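1. What follows is a predicted protein model with its sequence.
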Amino acid sequence: MSNILEIKNLVVSYGGIEAVKGISIDVPEGEIVTLIGANGAGKSTTLKTIAGIVKPKTASIIYKGHEILGKSPDAIVSSGITLVPEGRRVFANLTVKENLRVGAYLRKDSLDKDFEFVFELFPRLKEREWQLAGTLSGGEQQMLAVGRALMSRPNLIMMDEPSLGLAPLVVKSIFDIIKTINSQGITVLLVEQNANMALQVANTAYVLETGTVSMTGIGRELLSDERIKEAYLGKTRK
Amino acid sequence: MLEKSKKKINLTVSTILIILLLFGLYLMELFLSPSNMIFIVLQKGVIYALVAVSMNLLNGFTGLFSLGQAGFMLIGAYTYAIFTIPNEARTAVYQYFGGGLIKFNLPVTISIILAGVMAAVFAFLIGLPVLRLKSDYLAIATLGFAEIIRAIFQWNALGPITNGSNLLRKFPSLDSTGFSKWIQKITCDIFGKTGNVTGATIYAFIASGICIAIIVLLINSTYGRAFKAIRDDEIAAEAMGINLAKHKQIAFCISSFFAGISGALLAMYQTTIQASAFKSAMTYEILLVVVIGGIGSITGSCISSFLFIAASEWWLRFLDAEKYVGGVKVPFLRSGFRKVVFSIIIMAIVLFYRQGIMGTRELTPAGVWNWFKKTFIKSAPKKSKEA
């Protein structure tokens, strides 16, 4: 399968300090790819750079064979890449439905089918259609954030820590939804601290450590890797 | 289907209410003395309502804390005045500058729109650097801009255009427009005399009403939703593909456009204008109206602007006059005391009524009707339960 996204030698620095030191990532079309790693490894920065929100020092980001580096965030969204930002970031004073409409801001065609799709995926959102997003529970807000991103009909959806601050049961349902979204043909690039869950769903996984890729592999294989177990899955040293 | 019919009812009720309001204003002009305080409150109130709503568009709906409103009103007021002073009056008005530079004039309606356009053009230029700033810094920058504009308009070198620090006057006011001639003619046809009718209040209401309606339509459009998204979360809005710089610029220019128009209307209302009147204190007054009405509520801004003008121009006036009761002077009552009391009221509102009168809610005919049913027709809820 061809790569929908190829990142080569990405370097990002914040005020002189390099947060990402030349990483290269390939995202094959139709797969779930995850980036795992500790705090400050540069996972979120990588996603923000792809979305065009952060400007890198040097890089080459090829999406569907075209360079998207230096394009504005709205141009990147309309080319089919959407970011579900970290910490949900729903529009608290807009209703659920308005949030979804903002998600489809750059589209001019009919949204009926997409509303149907999102409400089928998240029946809870349908129930709360007219509620202000700020009054939803954490899990519901995460669902809304994902649903909102889906409204732009992305080919590639990037999720930044979707399980952050959610109850274990809710985390499980979020990962089920990620699989469902992927089965619709949408490529998923997932950033997670919950390495266990992320590696279970991912086809390919990249382990980031302080701005560099330290390990690459198939998700399930990495799950049984001793070094990964030690560093991220809570296995104690013998 | 139900939603559509509800919308239709709402539209019909609103139209009827607007016609009733305009007719009411007409009757008031017909029967009340033109020096009645109510006309000052209504005319100035509706002009302040427009500028408050335009400020609310920025502060309440887009989350840009801007304090440049007085500056844009000044630009609007001057643009209107400069282009409408009759040619024969120019030598008298520009007596120190040889009759001024501009020797032509434009119709009132075009001048009002031009006033808005000029303000918007200035806003665009200012917005390019200033809108990169956030919250307090943006407020400071726009406030500074308004002060600079005021100084520039008073500058003697620009005298042939702005008349320096002197008054601009003799331009058409609210009651000397074509509209008032038209309404006087109609009154004459019906009653055989024009009476006190000038059409000034109706004119101010129609002009401001159209502008506020445009702002409401904008807020309810996709653009409005994008503005609110930017207010709630800039990063998420950017991730959804909303171009932050572009949308902030649009909101800033539109808000300034309507501030400019309200400046033109204010010039018409006051009949003379002078740059020195557009102080930062004026921006604070408008900000107060917005805060008292509720940040993020259009109807709140409208209601509170009438209350504000009524209180400052009318109801609290007695505090400024010295008064003797049985030969003893009542303490505190003297010129300027009104402002003290006013400040205390405002402090109380900000402390205990932080949401303002309306919060972020809106006053709609349907809402008022429901409230009325709940409080006065107590049997109504029972009936609806049975049904």
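-> Perfect, thanks for sending it.

2. correct me, but B:Phe337 touches B:Arg317?
-> No: look at B:Phe337 against B:Arg317 with C-beta atoms under 8 Å: they stay out of range, at 10.7 Å. Placement of C-beta: from N, CA and C, glycine included.

3. between the two, who's got more neighbours?
-> More crowded of B:Phe337 and B:Arg317, by other C-beta atoms under 10 Å in any protein chain shown: B:Phe337, with 17 against 12.

4. Relative to A:Leu111, how far out is that one?
-> According to C-beta to C-beta, to the nearest Å, B:Phe337 stands 59 Å off from A:Leu111.

5. And B:Lys228, by the same measure?
-> Per C-beta to C-beta, B:Lys228 is found 18 Å from A:Leu111.

6. quick one: contacts for residue 30?
-> You didn't pick a chain, so chain A it is. With contact set as C-beta atoms under 8 Å, 6 or more residues apart in numbering or on different chains, A:Gly30 has these partners: A:1, A:4, A:182, A:185, A:187.

7. Switch to chain B, please.
-> With C-beta under 8 Å, 6+ apart as the criterion, the residues that contact B:Leu30 are B:187, B:195-197.

8. between these, which is nearest chain A?
-> Each of the contacts of B:Leu30 was scored against chain A by C-beta to the nearest C-beta, and B:Val197 proved nearest at 44.8 Å.

9. Thought B:Thr187 was touching that closest one, still the case?
-> Yes: counting by C-beta under 8 Å, B:Val197 touches B:Thr187, with 4.7 Å between them.

10. Among the contacts of B:Leu30, which one is most surrounded by other residues?
-> Compared across the contacts of B:Leu30, B:Val197 has the highest neighbour count, 24 neighbours, by other C-beta under 10 Å.

11. Got phi/psi on that one?
-> Note on B:Val197: its backbone torsions stand at phi -60, psi 130 [degrees, to the nearest 10].

12. ok, it to B:Leu27 distance?
-> Relative to B:Leu27, B:Val197 is positioned 10 Å away (C-beta to C-beta).

13. taking the contacts of A:Gly30 one by one, which sit in helices?
-> If you go by DSSP state H, the contacts of A:Gly30 have A:Asn182 in helices.

14. just the contacts of A:Gly30: which has the poorest pLDDT?
-> For the contacts of A:Gly30, the least confidently modelled position is A:Met1, at 59, judged by pLDDT.

15. Give me the buried positions along the lengthiest helix in chain B.
-> Of all the segments assigned as helix in chain B under DSSP H, the longest by residue count is helix B:2-31. Neighbour-count burial for helix B:2-31, with 16 or more other C-beta atoms under 10 Å in any protein chain shown as criterion, is recorded at B:25-26, B:28-29.

16. Could you pull up the contacting residues of B:Val350?
-> By C-beta under 8 Å, 6+ apart, B:Val350 lies in contact with B:Val291.

17. Can you show me the strands along the chain?
-> Using chain A here. A:3-14, A:17-28, A:32-37, A:58-63, A:66-67, A:81-84, A:156-160, A:187-192, A:204-209, A:212-218 (DSSP state E).

18. that's the wrong chain, I wanted chain B
-> With DSSP E as the definition, chain B shows strands at residue ranges B:168-169, B:272-273, B:324-325, B:328-329.

19. For those strands, please prepare CSV with the additional fields mean neighbour count and mean pLDDT.
-> Formatted as CSV, those follow (neighbours: other C-beta atoms under 10 Å in any protein chain shown; pLDDT from 0 to 100):
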stretch, mean neighbour count, mean pLDDT
strand B:168-169, 20, 88
strand B:272-273, 20, 91
strand B:324-325, 8, 80
strand B:328-329, 10, 79
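
20. Out of those, the one nearest chain A is which?
-> Closest among the strands of chain B, once you apply C-beta to the nearest C-beta, is strand B:272-273, at 38.2 Å.

21. mind listing what the closest one pairs with, with the direction of each?
-> With DSSP bridges as the criterion, the sheet partners recorded for strand B:272-273 are strand B:168-169 (antiparallel).

22. who's in contact with the partner strand?
-> Applying C-beta under 8 Å, 6+ apart, the contact partners of strand B:168-169 are B:78, B:81-82, B:85, B:93, B:162, B:267, B:271-274.

23. Just want the residue of the stretch 101-250 of chain B that's nearest chain A.
-> For the stretch 101-250 of chain B, C-beta to the nearest C-beta, closest residue to chain A: B:Gly241, 3.2 Å.

24. was I right about that residue contacting A:Val77?
-> Yes: with contact defined as C-beta under 8 Å, B:Gly241 counts as touching A:Val77 (3.2 Å).

25. shared neighbours, these two?
-> Residues touching both B:Gly241 and A:Val77 (C-beta under 8 Å, 6+ apart) are A:106, A:152.

26. How much space separates the residue lying closest to B:Thr364 once chain neighbours are set aside from B:Lys193?
-> Counting by C-beta to C-beta, 6 or more residues apart in numbering or on different chains, B:Asn10 is the residue found nearest to B:Thr364 once chain neighbours are left out, at 7.1 Å. Using C-beta to C-beta, one obtains 39 Å as the distance from B:Asn10 to B:Lys193.

27. So, low pLDDT: which residues of chain B?
-> Low-confidence regions of chain B, defined here as pLDDT under 70, cover residues B:1-2, B:378-387.

28. sorry, back to before: quick one, which of B:Lys228 and A:Leu111 is more surrounded?
-> A count of neighbours by other C-beta under 10 Å puts B:Lys228 above the other of B:Lys228 and A:Leu111, at 21 against 17.

29. got the contact list for that one?
-> For B:Lys228, the contacting residues are A:91, A:93-94, A:98, B:61-62, by C-beta under 8 Å, 6+ apart.

30. Which pair of these spans the longest distance?
-> A:Glu98 and B:Thr62 (15.3 Å; C-beta to C-beta).

31. ok, back up a step: ok, the contacts of strand B:168-169 vs chain A, which is closest?
-> Comparing those against chain A with C-beta to the nearest C-beta picks out B:Ala267 as the nearest, at 36.1 Å.

32. Assess the claim that that closest one and B:Ala277 are in contact.
-> No: with contact taken as C-beta under 8 Å, B:Ala267 and B:Ala277 are classed as non-touching, separated by 10.3 Å.

33. Looking at these two, which one has more neighbours?
-> With neighbours defined as other C-beta under 10 Å, B:Ala267 and B:Ala277 compare such that B:Ala267 has more, 30 against 17.

34. can you tell me how far the more buried one sits from B:Thr84?
-> According to C-beta to C-beta, B:Ala267 and B:Thr84 sit 9 Å apart.

35. which neighbours do the two share?
-> Common neighbours of B:Ala267 and B:Thr84 are listed as B:Phe171 (criterion: C-beta under 8 Å, 6+ apart).

36. and B:Leu101, how many neighbours?
-> The local packing count at B:Leu101 equals 14, with neighbours defined by other C-beta under 10 Å.

37. swap that for A:Val77, please
-> Other residues lying near A:Val77 total 27 when counted by other C-beta under 10 Å.

38. who's in contact with it?
-> Taking C-beta under 8 Å, 6+ apart, we find A:Val77 in contact with A:51, A:106, A:152, B:239-241.

39. what about 6 Å?
-> Residues near A:Val77 by C-beta atoms under 6 Å, 6 or more residues apart in numbering or on different chains: A:106, A:152, B:241.

40. Which one (most neighbours) among these?
-> Neighbour counts for the contacts of A:Val77 were taken using other C-beta under 10 Å; the highest belongs to B:Gly241, with 27 neighbours.

41. so who does it touch?
-> Contact criterion C-beta under 6 Å, 6+ apart gives A:74, A:77, A:105-106 as the residues in contact with B:Gly241.

42. Closest one of the residues you listed to B:Arg132?
-> Of all these, B:Arg132 sits closest to A:Asp74, with 17.5 Å by C-beta to C-beta.

43. State the pLDDT value of that closest one.
-> At A:Asp74 the predicted local confidence, pLDDT, stands at 92.
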